[in-house]
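Model the structure of this input:
(chains A and B)
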Amino acid sequence: QSVLTQPPSASGTPGQRVTISCSASNSKIGRNTVHWYQQLPGTAPKLLIYSNNQRPSGVPDRFSGSKSGTSASLAISGLQSEDEAEYFCATWDDSLKGWVFGGGTKLTVL
Amino acid sequence: EMQLVESGGGLVKPGGSLRVSCAASEFTFSTYTMNWVRQAPGKGLEWVSSISSSGRYRFYADSVKGRFTISRDNDKNSLYLQMDSLRVDDTAVYYCARESGVTSADLWGRGTLVTVSS
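Numbers count the residues shown, from 1 in each chain, chains lettered A, B, ... in the order given. I've put the predicted structure just below:
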């Protein structure tokens, strides 16, 4: 059972805006920043958003992140077929001295 | 191009041992904390272990503590995970991941599959 809760699935049509939520069962998210990873089918995860809302070089600005209290969100605007992937949120756990991940949200582009 | 390449995965019987490796290239490996993250078939991501840049500090998930040992060789730009007393539920793709200065995993390898089965 992940301490970060994500909806197992989400969907949208091309051009739509989709939001994926990530909520913490305790104050983990409140203290530390949240990162988002995209995992395309059959590939390794890739950093999509770091420090709540920062995009690494090369990530389109269609992807954005936000955080409020113990919840975070990933928004994808102008949805494209190549966005069909699984998305994971993650944060640093001070007691574990490691990362905790959400269970993942599988995004389907209809 | 910066790269992480894992190797050493395979089929092992329950109770057996295996060492997986991760070769880093095109970045200053010795300055980064490195991690292992695994993904069981059809499941999510699970952090396994981390090691500081010098190798002095090592941390483990409760699920592998006492059975797995992380190490590194900065001269060889390599990261290792020694896995002992393997269990069926250790079956997963094992990824090595570089930790950025803001605690994100900013570089991942392609992973190596470890299958524990009799």
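
List the buried residues for stretch A:94-107?
Across stretch A:94-107, burial judged by 16 or more other Cβ atoms under 10 Å in any protein chain shown covers A:L96, A:G98, A:W99, A:V100, A:F101, A:G102, A:G103, A:G104, A:T105, A:K106, A:L107. (Each C-beta comes from the backbone N, C-alpha and C, glycine too.)

Looking at the residues you listed, which has the smallest pLDDT value?
Within these, A:L96 has the lowest pLDDT, namely 85.

List the strands paired with the helix or strand in which A:Q38 is found, with their directions.
Here A:Q38 sits within strand A:34-39, counting by DSSP states H and E. Here strand A:34-39 has these sheet partners by DSSP bridges: strand A:46-49 (antiparallel), strand A:85-93 (antiparallel).

so what's the most centrally placed residue in chain B bridging to?
Computing the C-alpha centroid of chain B and ranking residues by Cα atoms, centre = their mean puts B:W36 first, at 3.0 Å. Judged by DSSP bridges, the bridge partners of B:W36 are B:S49, B:C96.

what about the helices in chain A?
Along chain A, counting by DSSP state H, helices occupy A:28-31.

show me where it has strands.
A:4-5, A:9-12, A:18-24, A:34-39, A:46-49, A:63-68, A:71-76, A:85-93, A:98-101, A:105-109 (DSSP state E).

OK, contacts around the spatially closest residue to B:A105 that is not a sequence neighbour?
Nearest non-adjacent residue to B:A105, counting by Cβ to Cβ, 6 or more residues apart in numbering or on different chains: B:A97, 3.9 Å away. Contacts for B:A97 (Cβ atoms under 8 Å, 6 or more residues apart in numbering or on different chains) come out as B:L4, B:M34, B:N35, B:W36, B:V37, B:A105, B:L107, B:W108, B:G109.
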